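In: give me a 3D structure for the following:
(2 chains)
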Amino acid sequence: MADTPDETIEESSELAEVPEPEMFGCPMTDSRGQLVLHVDRDRYLDVAKQLADEGYAMCVDLTAVDYSEHMERPLPSSVTAERFEVVVNLLDITHRRRIRLRVQLPEGDAKVATLFDLHPGTEAMEREVFDMFGIKFDGHPDPSRILMPEDWNGYPLRKDFQVGTIPVQFKGAAS
Amino acid sequence: MTLISDEGAQELRPRSELTASELLREVASVLRLSEAEAAKLGDLPEDPDEDQTMVINMGPSHPSTHGVLRLMLELQGETVLRCKPIIGYLHTGMEKTGEQLTFMQGGTNVTRMDYASPLNNELVFSMATEKLLGIDGDIPERAQWMRMLLSELNRMSSHLLFMATNGMDLGAVSMMIYGWREREEVLRFFQKVTGLRMNHNFVRPGGLAADLPPGWRDDVLRILDMLPERLEEYDTLMTGQPIWRERLQGVGVITPSEALALGATGPILRSTGVEWDLRRHDPYLRYDEVEFDLIVGSYGDAFDRYAIRLNEIRESMRIVRQILDLMPEGDYRIQDKKVTPPPRARIDESMEALIHHFKIFTEGFKVPEGEVYVAIESPRGEIGCYIASDGSPTPYRMHVRAPSFVNIQCLPHMMRSGLVADAVAVISSVDPVLGEVDR
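Out: Now for the predicted structure:
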């Protein structure tokens, strides 16, 4: 909980010396004292299953980040930075621990397997990520927009979706 | 059966278009099932005669949906066969707005999400920012205890609001007036402390906006002395009443495994008997230094959720009493020049302080690169804040894990083969705040 900036620097220099820590063959990092697992897209479902068996039985949050304006973010050396990142927060209520999965998804093929079969609670969250980022979830039972209207164009939380560019129409107003 | 709407696929689809696994999921008899498994089952629920079913819209504008929640219900007579919540009517792009506002201004944005417990929203945002800054261990003791005081009072006001709306939804209309009356007492205290009844922007990265006003202890004591008697009245009016029990017991039942699989947290998860409260199991602030009991249900029905919230008000009062005794003296915010604006008095006499003040309020403070997820227990469940920073004064991405957004997925499962009148009880017992669902 109480890690001062000095400690964080020490930890990261330690990480550079020793070989990268891993879990299930995926590089593992520490972000302000929180466990982060950088999962390859092909192994995402597999790792989530193994983690569920380990006790991380609850998926509390699933979201995404569009890193198109910040591609040079710090990542383990074996991970290639891509435009989109799906971020999944898993919770183990028996051992009271959390872990975060980060999956890199390329711009041209933003698609990943759905967690629905493992954690049915991700249904709405994955729909939200699709709605806001245009990331597709393979095998999702209801891949429709959830917050925006059905006929909406574009994905609002992408960085290239500018704020204030939508023409506002006033129906029936005298012009 | 034709469904005509310009929203098309967001809606409940006709049964003829569904595959076996989709149908089973929609009638909420299973959470998940592959098509192969569904085919093996063989005994699908028989499609009712189309003449006998009717799809109706409940909402988006309906007094029992607590805002603008729209439920599409497939009914046979009075029985709900299928239910699909359709949301988004209150979507205002708050996560996008969060990317435009600095960490300093972000509180004004997040506080409007769950408008029934604004201080918890500000708290989780501030805690995430502090973790990114690496100052989460240096927040002064008084600030931590003040945050706890406000957070608990907010839990009380939110649950009192639930008492009011739950009563109103089920026909105990006088309860509505009582609940609002008691909530108003708490809000009056908030107004005295923060200047506003709601949307306070009082909890800020680094501490709070101001110290507690003189006489705050008496005000809190007045609330604590007044409430127990009023809660007894609630018990007389509702808890013991046969009509009230009839309406709630055995309605909207959810099992522990369903609740966990659907990601439900807060009173919904606790009503199924799962002991999980972040205040106890992942203590933040100083919750490990106060004594309180976890209220856990056993049947997972609407009555359990009502009773849990009622008794959580009592537990919160117990916590607040301890806070009154333990509240330390000291600073209400961190004295870190990077995040804390200079005191108002210094601005008149020092040019540097004026520049510092101007810089902090126009540019904000830079937050080191990184990403964190911080979760706390809001009255509705786990509220989480995920912030990714690129080293600038605005969050690169700010996401709020809203408990209502996830909890609302339980609705179809709780309404399974219930009556329309019970549907109202079920929505009410989930206690969604639509501002937070749609963000």
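
In: could you use CA atoms for every contact and neighbour count after this?
Out: OK.

In: export the helix or strand hosting residue B:227 to PDB, keeping only CA atoms.
Out: Per DSSP states H and E: residue B:227 is located in helix B:216-234. Extracted in PDB, the C-alpha atoms of helix B:216-234 (Å, rounded to 0.1, in the frame of the first residue of the first chain):
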ATOM      1  CA  TRP B 216     -19.500  19.600  13.300                       C
ATOM      2  CA  ARG B 217     -19.400  17.200  16.200                       C
ATOM      3  CA  ASP B 218     -22.700  18.400  17.500                       C
ATOM      4  CA  ASP B 219     -24.300  18.200  14.100                       C
ATOM      5  CA  VAL B 220     -23.200  14.600  13.700                       C
ATOM      6  CA  LEU B 221     -24.300  13.700  17.200                       C
ATOM      7  CA  ARG B 222     -27.700  15.200  16.400                       C
ATOM      8  CA  ILE B 223     -28.100  12.900  13.400                       C
ATOM      9  CA  LEU B 224     -26.900   9.900  15.400                       C
ATOM     10  CA  ASP B 225     -29.300  10.600  18.200                       C
ATOM     11  CA  MET B 226     -32.200  11.100  15.900                       C
ATOM     12  CA  LEU B 227     -31.800   8.200  13.600                       C
ATOM     13  CA  PRO B 228     -32.100   5.100  15.900                       C
ATOM     14  CA  GLU B 229     -35.600   6.100  16.800                       C
ATOM     15  CA  ARG B 230     -36.500   6.700  13.200                       C
ATOM     16  CA  LEU B 231     -35.100   3.300  12.200                       C
ATOM     17  CA  GLU B 232     -37.300   1.700  14.800                       C
ATOM     18  CA  GLU B 233     -40.200   3.400  13.100                       C
ATOM     19  CA  TYR B 234     -39.100   1.900   9.800                       C
END
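
In: mean confidence (pLDDT) on that helix, please.
Out: Averaging pLDDT along helix B:216-234 gives 92.

In: which residues are contacting the helix or strand just after that helix?
Out: Using DSSP H and E, the helix or strand that follows helix B:216-234 towards the C-terminus is helix B:242-248. For helix B:242-248, the external contacting residues (C-alpha atoms under 8 Å, 6 or more residues apart in numbering or on different chains) are B:170, B:238-239, B:301-303, B:422, B:425.

In: phi and psi next, for the closest residue to chain A within the stretch 101-250 of chain B.
Out: Residue of the stretch 101-250 of chain B nearest chain A, by C-alpha to the nearest C-alpha: residue B:137 (4.5 Å). For residue B:137, the backbone dihedrals (degrees, to the nearest 10) come out as phi -90, psi -10.

In: near it, how many other residues are there?
Out: A total of 12 residues lie near residue B:137 under the criterion other C-alpha atoms under 10 Å in any protein chain shown.

In: domains in chain B, by residue range?
Out: Domains of chain B are assigned by automatic domain parsing as B:8-86, B:94-335+B:365-401.

In: in TSV: the ones you listed, plus distance to residue A:22.
Out: Below are these laid out as TSV (distance: least, C-alpha to C-alpha, whole Å):
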stretch	distance to residue A:22
domain B:8-86	31
domain B:94-335+B:365-401	19
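
In: and these, which one averages the lowest pLDDT?
Out: domain B:8-86 (a mean of 76).

In: how far does that domain sit from its chain's centre?
Out: What separates the centre of domain B:8-86 from the centre of its chain is 26 Å, taken as C-alpha atoms, centre = their mean, to the nearest Å.

In: ok so, going back, buried sites along the helix holding residue B:227?
Out: By neighbour count on 16 or more other C-alpha atoms under 10 Å in any protein chain shown, the buried set for helix B:216-234 is B:219-220, B:223-224, B:227, B:231, B:234.

In: hey, where'd the strands end up in chain A?
Out: Using DSSP state E, the strands of chain A run over residues A:22-23, A:26-31, A:34-39, A:58-66, A:84-92, A:97-105, A:111-113, A:136-138.

In: same deal with the stretch 51-200 of chain B?
Out: Here the stretch 51-200 of chain B has its strands, by DSSP state E, counting those that start in this stretch, at B:53-58, B:70-76, B:79-86.

In: looking at those, which is nearest to residue B:294?
Out: Nearest to residue B:294, of all these, is strand B:79-86, at 30.3 Å by C-alpha to C-alpha.

In: what's the closest one packed up against?
Out: helix B:20-26, strand B:70-76, helix B:411-415 (3 or more C-alpha pairs under 8 Å, 6 or more residues apart in numbering or on different chains; DSSP states H and E).

In: distance to residue B:360 and mean neighbour count added to the ones you listed, as JSON lines?
Out: Output for the helices and strands packed on strand B:79-86, formatted as JSON lines (distance: least, C-alpha to C-alpha, whole Å; neighbours: other C-alpha atoms under 10 Å in any protein chain shown):
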{"stretch": "helix B:20-26", "distance to residue B:360": "51", "mean neighbour count": "21"}
{"stretch": "strand B:70-76", "distance to residue B:360": "43", "mean neighbour count": "21"}
{"stretch": "helix B:411-415", "distance to residue B:360": "45", "mean neighbour count": "24"}
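
In: which stretch among those comes nearest chain A?
Out: If you check each of those against chain A by C-alpha to the nearest C-alpha, helix B:20-26 wins as the nearest, at 7.2 Å.

In: within range of chain B, give me the residues from chain A.
Out: A:1-5, A:31-32, A:34, A:57-61, A:63, A:65, A:70, A:73, A:93, A:96, A:116-117, A:119-122, A:124-125, A:141, A:144-151, A:156-157 (C-alpha under 8 Å from any C-alpha of the partner chain).

In: can you turn the buried part of these into a ChimeraX selection?
Out: Selecting only the buried entries of those in ChimeraX, with 16+ other C-alpha under 10 Å as the criterion:
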select /A:4,31,32,34,57,58,59,60,61,63,65,93,116,117,119,120,121,122,124,125,141,144,145,146,147,148,149,156,157
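
In: pLDDT weak spots in chain A?
Out: Scanning chain A with the threshold set as pLDDT under 70 gives A:1-19, A:165-175.

In: show me where it has its helices.
Out: Ranges of helices in chain A, per DSSP state H, are A:5-17, A:44-54, A:122-133.

In: what's the answer for the stretch 1-150 of chain B, then?
Out: Here the stretch 1-150 of chain B has its helices, by DSSP state H, counting those that start in this stretch, at B:20-26, B:35-41, B:94-100, B:106-110, B:118-133, B:141-169.

In: which of these is buried the deepest?
Out: Mean neighbour count (mean count of other C-alpha atoms under 10 Å in any protein chain shown) peaks for helix B:118-133 among those, with a mean of 27.

In: show the contacting residues for the residue in the stretch 201-350 of chain B that chain A sits nearest to.
Out: Nearest residue of the stretch 201-350 of chain B to chain A: residue B:262, at 3.6 Å (C-alpha to the nearest C-alpha). Neighbouring residues of residue B:262 by C-alpha under 8 Å, 6+ apart: A:119-122, B:406-407, B:409-410.

In: quick one: which of these is nearest residue B:276?
Out: Nearest to residue B:276 among the contacts of residue B:262 is residue B:407, at 14.9 Å by C-alpha to C-alpha.

In: could you check which helix or strand contains the closest one?
Out: Residue-wise, residue B:407 maps onto helix B:403-407 under DSSP H and E.

In: ok now that helix, how far from the chain's centre?
Out: Mean-position distance between helix B:403-407 and its chain equals 8 Å (C-alpha atoms, centre = their mean).

In: could you do stretch B:318-329 as well?
Out: For stretch B:318-329 - counting by C-alpha atoms, centre = their mean - the centre lies 24 Å from the chain centre.
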